[in-house]
Structures are given as C-alpha cells and as structure tokens.
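Visitor: Give me the fold of what follows.
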Amino acid sequence: MESWSREEIATCSCSERKYRHVHCPCLQCRGSATDRNTELRHWRESQLLTTEVESESSSFHEISDEIHVSTASCASPEPAEVEANLSDGSDESEVVTSVGSDSDIEDPAGLQGMEPQNPLKKVILTAVINALKVMDKSGSSIKTFEEILNYGKTMLLTLIDESVDVHVLSAMWPKNWNDVQLLLREEGFEDAKEYFICFCRTEKVITRNGKTHVKFIYSGNYSIMDKKDSLCTHCGNKGYLKYYYLGLESKVKNWFKTETMCQKMLSHWNEKEHWLGRKEAWPLKQEFWDGQRWMDLQWFWDPSKVWPLPTLCVHCSAVISVDHITTSPDGLNNLKTVTCPECFETFHHSIEMARGSPLNLALIAHWDGWQPFGTSFRGCGSFEVSIANMTKRDRCHVEEVYVVGFVPCSDLPKDLPEYLDPFLKPLVDDLSKGFISGYNIPYPLQFSSGEFHSSAIENIRLLLLCWTGDHPGQCEVGKFLNQGKCGCRREKLQGQQLENSSNNHYYYGSNRFYFRHPCEKRQIEQELENLYDIENETRTTVRKAMSSKLGFTGISLLHKVLYPLYKFDVTKHMVYDVYHTIPLNVVKNQLTRLLELEMVDTEYLDKQIKNFPWSKELKDGRLPRPVGKECKGIGHWKAEGLQKFSFPMTTCIFEDKFQDDEEFQIQTLVSRLTELHFYSGRQGWTDEMINDHFKLAWRLNVLVEELQGLQMCTISLHNLIHIHEDIINFAACDNYWCAVFERAVKHYVKKSHNCKGIERTFASSEARREFLKSLGGTEVVSDLGKHDVIQGVVSSVETARKIASKDSSPRQAFLIGSATNVKPLMRDDQSKIARALAVPLEKVSSSALFSNRCYLNNVGYDGTKCCSGDCFLIAINGQETVVKIETLLSLNCGDDLWKLLGKGYLYSFHQDAHGQISLNYWTGFTKVEKFLGNEVTFFPSENILRKVLLYDFGNGLLTVVDYLRPWNQALYVPIVPVYPEKGDMLLVQGGGPSDVWYGHVQDIDFRNKSVDVYFFIESRRCPNVFVRESRHRGARNTVSWRSVIGVADGHWSGPGMWTKDL
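Guide: Below is the predicted model of the structure:
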C-alpha cells in the first residue's frame, strides 16, 4: 500500500467540499476531498500495513478460516463527511453520519478491483456486519452496539495467533459508531437522502373569547429541496419539514447482489407460459402474472419486443407519453417537434427504443399511516414497495418489504389535498427514471433463455404494477373522496343520506336497482377536465363542493407521472385491500350490530369462543377474545381474529340462533366471502369462483340494505362488489393485501430511539437492514436434519417440508419422530392393512414404525400437520368419511418405499328422515353422530383429504367444520335479488326447490316490495312456448320480491304467447 508523509498534507478550501478539507492520496480516495480525520486514519493504516501485511498474510487467512469469514464481495469505497460531535441534548440513537449530496460522491466504478484484498480488514468487516445484524434483530441502541463492538474486539484479540500484530488490529478496528458508518460506506452502503419540504403558508392571528392564537393558511403550493439552505420557489422560505428518502436505485443495486435473490426475481419467467404470448389471462389466477394486467404488459419482459420510450420535457420535466411524441409533427434530422402538454413549451426529440428483458422488475407500492407510540398525538406513515416478480410465498415476508420513506404525519396540513405530494414525488421520479432510463446494475447470475443472454452489466427497468393500501390511504394517494356523496372510486355512484336523521353521513343503497342498471364506470380520460378544474381551484369552499360532487380532491401524482409512461390508471390499478375490507370492516360491523341489538347473548358467545375446537394451525396466530358483558373486548380483536370468527366459527355457533332466517343468511354470506379469500382462494381463483364472488357481494349488499337498513350500507360494504375486478387484473388478493406491510410496522417501532426525530432513526435502520440483507448470509442454511426417505420418517416438520417441496421428492407425506419406534403388528391389523392397500397379506411386514405426528405436504395451502387426536376427511371406496386418528405408521410392503398409513376410528354421518346425509343448506356442513365406531380402520396417507373440526352442535351431534374444502363443494349458487320492472317475465320460486314458475309483471308495489303477475305455463303443443295459465278474474297473483329468483330470457312471439330463448 502506498504511504505518504504528514508534511505532504495541507488543508484546502477548493470547491470540491463546502468546508476546509484535505485531499487524501491513498488508493481508496485517489486524491479526493475528505475530512482530516479520515485522511489520518487512512495514513495510519498505510503505515501499519506497509510493514506488516506481507509477512502476516498467511496468518490473516488462518484467522479468516477460524472465525468463518464470509466471502461477501466488497464494493468500492466512497469518500464521506463524518460529523463526530453530538448536538446538545441528543440521544445516541440519533447519532448519524452526515453525507454529502450525490454530486459530491465520485463514481467508484472505475476503482473496482484496483485495491488489493486486505484479509485483516475482511475479518473486521465480517465481525462488524454480524454485530449489525444482531443490532437490527434485537432493536438495540447505538450505545449497546458499541458495547457489542468492544466485546467483539476483546474476544478477537484473545483468539488471534501470536504472529498477528495486536497494534495493527487495534488501529484498524472501528472505535465508535461513526467509524462503523464510514466502514459501511466504503463497502457501498448508502444512507437515506435528506430532503427539506416547505408547504407555502401565511400566518393569521385569531382572537376568540379573549384568547389569541396563530393559524396557518396554506396556499396549496409546496417545494421539496435537497439542501438545508435552499429556498422555496413559491414563497422564498426554507424547508421546515425533513423527509428521509431511501431511493429505488440503491434498492435495485442491493436486490441484484446475490444469486439467490436474482433467482427469486425470475419466478415470473419460470412460469412464462402463463402470460407470454397469450391473448387471454391464465384460467387459474394465483400469482401476479396470472392476471390480465401482467399479460397486457408482457412486452416489458419479452426480449423479442422492441418498444418506443417516453421522455421528459426539457423545460418542466413533465412526462411526455409515446402517443404524444409519435403524433407530434416531424422536424429536421428525423426529430419530432414536441409541445409539452403541461408547460406548452416546444422542443425537439429523437425517439429512443428499448427491448424487453426478463430481468425487468414490477413493483407493488403501499402507503399507510400508523401511530408509533399508540396514541393519535404522534403519527407517522411509510411508503413501501415489494417485488411483484417473486412468488407470493417468497414475497409475503416482512424482510421483503422495502421502505421508501417515513412521513411525519403529525406535522402535515391534513386539510390540504396535496399534503402527501412532496413525499410521493421522489418515488414517482425514481419510477419515471427507472422506466425511461433504467439502472445499470452488475448482474451476478449467468442466465439464458432463448435469444436472451445476461451480461455482466444489465440495464434494469422498473414499473409500478399496482398500489395497495386501506381505503383511507388509497384515497389520500389517489386523491379520491373518502366516503361522501361520490365515495366510490370505480363508478359514479351517488350516496344517500338517512331520512329524518341528524346523521349527515352518506350511505350506498338502491342495490337492487344498481345491479340491474349498473352505474357508469369512471374513465380517467373522461375525468381529466374535471380533475384539472378541481386542481386549479384556489377557493377552499368551492373546491370542497366540486370534490363532493365529482369524487376527486385533485390530480394524483401517480396519474401525472405514471399514466403517460404505461397507462397506470388510478381508478383501476389502486386495489382494494381485502384484509381491511372484510375482517376489519364488514365482519366487525356485523358483530357489533348483533351485540348492540342483543341478538346474541354475550355469555353464550364468550362460552363458544372459549370452547371452540380450533385446530393447531388455527391456534398458531390470533384468535377471537371474549367480548365481556359490556362488549368492550371486541375493541381488542385484530384482523386475524375477526377473520377466524367469521369463518369457520360464525357458521357453527349461529346456526338456529336467529328468528329471522335472512339474518343468518347475511352472516353466512359474510362467512362465504371470508372463506373465498382466506381459504379457497389462496390456491388460485377460477372463473367460477370470481363469478360467485360477484354474486355473493351483490346479494350481501341487497340483503343488508333491505333487512338491516341503509345505515349498514357503508363504503366498505359497497367496495366488495369491485374486488372481483382486482382479482381479474392482479390474480389472488393475497398477492397485494396489506397484511405483510402491517406486520412490518412492528419492526419499525421496536427500534431503539429517544422519541425525537424517529423518522430519521427508522430510515437509517431500514437502510442498514436492506444493505446487510444484500450481503447474503441472512438466510440460515441448515442441514435437513435426520431423515429416511425410504421409511418416510424425518426428525422435524421443517425437514419434511424441505424434502417434500423438492421437484424430485418421491413422497409427499412423512412421519415425524424417531426411526427406532418399531412395534409388532397384530395378525388382525395386518389383514386390515392388506385390504386397505390391496396387497397380499404375506407382503405386509409383521412390524411397523409408529409415530403420533405426520406432515402432509399436498394437503392444504401450505401443507398440513397431522397428529393423533386430529380429525380428517378421508376417502374410502370413493366416499368421504370422517375419521379420528389414533396413530400413524410406516411399514414395508415389498416396494422400494415403505407405505404410510393412518390408524383411527370412523364417525357415522347423521341422516335425515329420508335417509340422506344431514347437511345445512346455507353452510354446507354435514353432521356426524357424537360417538365413535368400535372398529379400528387403516387407510393410506394418500387417502387423507383434509383436516376438519368437530363442533358440538348438541343433541348428540357434531358439526363437521370442513374449513379447507375446495370451493366447488359449496352447496348453493348465490342468487342476486331481482329488481322487477313492469313487463318482465320473472322466474318465481315454486313450492319445491326445483319448482320454477313464470310470472308476467303487471304492477309493482315498491312500499311492500311485491309484484302483481299473471302466471304462464309451457304450451303442450309447442315446447318453450308459454301461455297464460288462467284468464279468469282471480288469475292475477301477488308475489313477494323475496320469491323472485331471476328474469327469464325470451320474447313475445304472438298475442299472449311468450317464447323462451334457448
């Protein structure tokens, strides 16, 4: 390493730095400007290493082997400014390293690989990184981290070889938090970028009742500046709000550092037959790329497609769409003369082309506000992204949530529609740059597919696939009206107010009418004129009136920037979050109503909650809590508890508990929607399931309005009728629901802080976490544990899951336990096993390996654990039967693999008076006799269908709660109540389930919800031709709307003759 004398270094005041500095001549800095402390540290290292590194190189390698040094690659160092002094009164958790702007940092790409590897520095770096991981997981403070650092140094000094100079190690070991920050920056770490935001405002002094206070009047203008001393372009003031932004470019660099992450981000390409080259979306909608939106954007990933790029206006930086560029007049030298639609300035532009790449990324973005201290006096919020290219099994983990920025919500002018725009602008600017220019990233994986071959440096482009969040959050970002007269962001639905009530809220009724005559859908192109009118209105009261009438509060930045790029439509691509909509709104509202009206006894409910037979899988999470006599307990219920209460609990405990059958219908409708999203839909949505969801949502809205009243028809209930649109576009709802983003908040708030400037603390912590994750080694690589695939026995559930998940796995079921628990079999048991397996008796071994636990990888969404005492549905001779498992066993029957069987006792299904299996029409659950059969039964593990719960219904019966059933086993097809009109030929439910009558509407009584009809019957002479059943005076009949099941399709073929369409 090159050394230099102290006399060669002199302070400098050149423009490279704003403060007095020196130019460090070391191999890292190459003469760039830095502070004197950094230069002095580099000089000491060079002095020590010049005399020591060659003689001790081999010893350093031995040290590396002893303490298991990782081989994470180190990026080139970057010069940085370090502020070592703490401000008065600050806590250690707020000690940060001040970083210059991007323009002050040299591009280290040219220095890559020029610095010789220093094995001792590698050892120190590994130790520091491991200590940082401990800090990140435990939420420790900086003071605690420095203690860990000193302890690690002490331990290392006691373990090193005598040939290693202790003085060298001590000199290179970081002394404090600032040294650690500098060490990380030398390895490529980028901290959050600091912005300063100004909302233009004027002070107004108000005196009321003798008291004077100052009120701020906001103009709606704002500026976001990257320097503390910069002035707002509108009002000339400095920014008074700090915003710490974690840019997308650094995230993309981190994502593509490890081969494991690169493989995960190619999951969409591994299933390219689902979307590439298709004109219709994949029939089973499970992953993002099974949806319509991904298929529409397939050119973005298709290497055979070349497409023109949009551009930015050279005057105002507005995004100019491809359509606008191509339709612009031609200029000289094959240039286009483009007029910016925002500033109306003209410039010349040459159209650039891009080619699709399998490596391009689609992102999911999320916004939500939360309370770090559990009180509304201090609010915070976060913008986050995750990677849509990954499968949902890989993506739906907290570590795959990447924060973009933390917003100090308590300091924002909430009445201002633009209050999120300055925090959103850096993100949309990065998304714009990521699509137009892309990011040049080193790509570590050698990937080839067809004509595409990856290179060492790849240009990665980004796009935003969808934006998720709860309803208020979506309205804030998309600038929709949150509830109100035009509260729906998908259609122009008009809200209604309650008659003769002081309640001024709007509700969304007339559902029968709107199902037959749908509201006009919102088209963003047609709304633009209204949006600009609202955006440009400066009078507050007038703007609020326009927003109430039109349903928008302004133009979202997402529309301004992303719609010209790739038609990102805020009315279609900002999705509904099922986790908030169903459990936290619909389910909770229904339960609260039942308790307030005392339709459910609280003692009975608490008893059922306490004694409900939850399975081990359902117990692994939050469960419903007792509500108590005053019903205060429901306030402590979380989304998961409400979800489990809705299904499968509600369908069991409320059966035969309501006097009105339609009240129970409403509860079962909510349960079926819960079942669809949180159970059946997890493995993919078919067209039949999507259609059923559409009908269930509409039927629920109609019944709630007519039975429970307009006050129950909230915007959350209405939003259910649009969720199927998101499923068509983006596949299953668990791809984009907010559960994983909500869980990430717990990790933010557990970080050590002093309750001041928490956004800075959270941002720095997240930046370190993402950087450490990119270095690899965060996934603990453990061995499979003890296992014997031949016998089908493993030591743990995790081992069974890993082996069964392999493509080459010979079996999907494993016993869990010891391979030495071998017991003899009785002769009678051998005979039963031979019959169950359809093998000769002599092939059944006389002993078997027994266990009380088993793992079934192909049962349930994420596999199922089977234990003695559990109840399952099994297939015996093609019929489903309920069995209670006593034990599980594996035995040799002469094949290569041993057979896995279950041993248990069967339940007998309860039968009705007609000898049919008793089953509830609304829930689809059967019942069995309470007492088990006496004869033991053996059955192969392949015959196990799914786990069930047995709920004590009373009267010696148990309800079979088949909560994992496939959707096609649901009993009835939901029917949306009909809005009749005069002249309709209605389908009327007859005396029996299969009896359908035809009635021609003569008159409608809207008050009593009934119709007067003449019944028609099929002509004996002409099939499919219907004539009046009777023509006497009493032929006119009154039919309730509840009996109408549909409107028949047909036409009048003659006087009094109606022909049904085939």
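Visitor: residue ranges with poor pLDDT in the protein?
Guide: 1-3, 6-7, 18-19, 47-118, 163, 777-783, 969-970 (pLDDT under 70).
Visitor: longest helix in it, by residue count?
Guide: As assigned by DSSP state H, the longest helix anywhere in the chain is helix 119-138.
Visitor: hey, C-alpha coordinates of that helix in CSV?
Guide: Presented in CSV, the C-alpha positions along helix 119-138 are these (Å, rounded to 0.1, in the frame of the first residue of the first chain):
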residue,chain,number,x,y,z
PRO,A,119,-7.5,-10.2,4.7
LEU,A,120,-7.5,-8.5,8.1
LYS,A,121,-9.9,-5.8,7.0
LYS,A,122,-12.1,-8.6,5.7
VAL,A,123,-12.1,-10.2,9.1
ILE,A,124,-13.1,-6.9,10.8
LEU,A,125,-15.8,-6.2,8.2
THR,A,126,-17.4,-9.6,8.8
ALA,A,127,-17.4,-9.1,12.5
VAL,A,128,-18.9,-5.6,12.2
ILE,A,129,-21.6,-6.9,9.8
ASN,A,130,-22.5,-9.7,12.2
ALA,A,131,-22.8,-7.3,15.1
LEU,A,132,-25.0,-5.0,13.0
LYS,A,133,-27.3,-8.0,12.3
VAL,A,134,-27.6,-8.6,16.0
MET,A,135,-28.4,-4.9,16.5
ASP,A,136,-31.0,-5.0,13.7
LYS,A,137,-32.8,-8.1,15.0
SER,A,138,-32.8,-7.0,18.7
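Visitor: Please pull up the helix or strand immediately following that helix.
Guide: Using DSSP states H and E, the helix or strand that directly follows helix 119-138 along the chain is helix 142-159.
Visitor: Surely Ser250 touches Glu190?
Guide: Yes. Assessed by C-beta atoms under 8 Å, Ser250 is found in contact with Glu190 at 4.4 Å. C-beta coordinates here come from the backbone N, C-alpha and C atoms, glycine included.
Visitor: Please enumerate the shared neighbours of the two.
Guide: Ala767 (C-beta atoms under 8 Å, 6 or more residues apart in numbering).
Visitor: ok, which stretches of the stretch 201-350 of the chain are strands?
Guide: Taking DSSP state E, counting those that start in this stretch to define them, one finds strands in the stretch 201-350 of the chain at 211-225, 241-245, 306-308, 311-312, 319-320, 336-339, 346-349.
Visitor: Can you list the strands that the fourth one pairs with?
Guide: To tie it back to what came earlier, the one meant is strand 311-312. strand 319-320 (antiparallel) (DSSP bridges).
Visitor: Pro422 against Ile224, yeah?
Guide: Yes. In this structure Pro422 lies within contact range of Ile224 using C-beta under 8 Å: 4.4 Å.
Visitor: Overlap of the contact sets of the two?
Guide: Joint contacts of Pro422 and Ile224 (C-beta under 8 Å, 6+ apart) are Tyr195, Ile197, Tyr243.
Visitor: Quick one: residues contacting the second one.
Guide: With contacts defined as C-beta under 8 Å, 6+ apart, the neighbours of Ile197 are Tyr222, Ser223, Ile224, Met225, Gly239, Tyr240, Leu241, Lys242, Tyr243, Pro422, Phe423.
Visitor: if we can go back for a sec, so which of the strands of the stretch 201-350 of the chain is nearest Gln683?
Guide: For the strands of the stretch 201-350 of the chain, proximity to Gln683 was assessed by C-beta to C-beta; strand 306-308 is nearest, at 34.6 Å.
Visitor: Which elements pack onto that closest one?
Guide: If contacts are counted by 3 or more C-beta pairs under 8 Å, 6 or more residues apart in numbering; DSSP states H and E, strand 306-308 sits against helix 322-326, strand 353-355.
Visitor: Report the buried residues of the shortest one.
Guide: Buried residues in strand 353-355, counted by 16 or more other C-beta atoms under 10 Å: Ala354.
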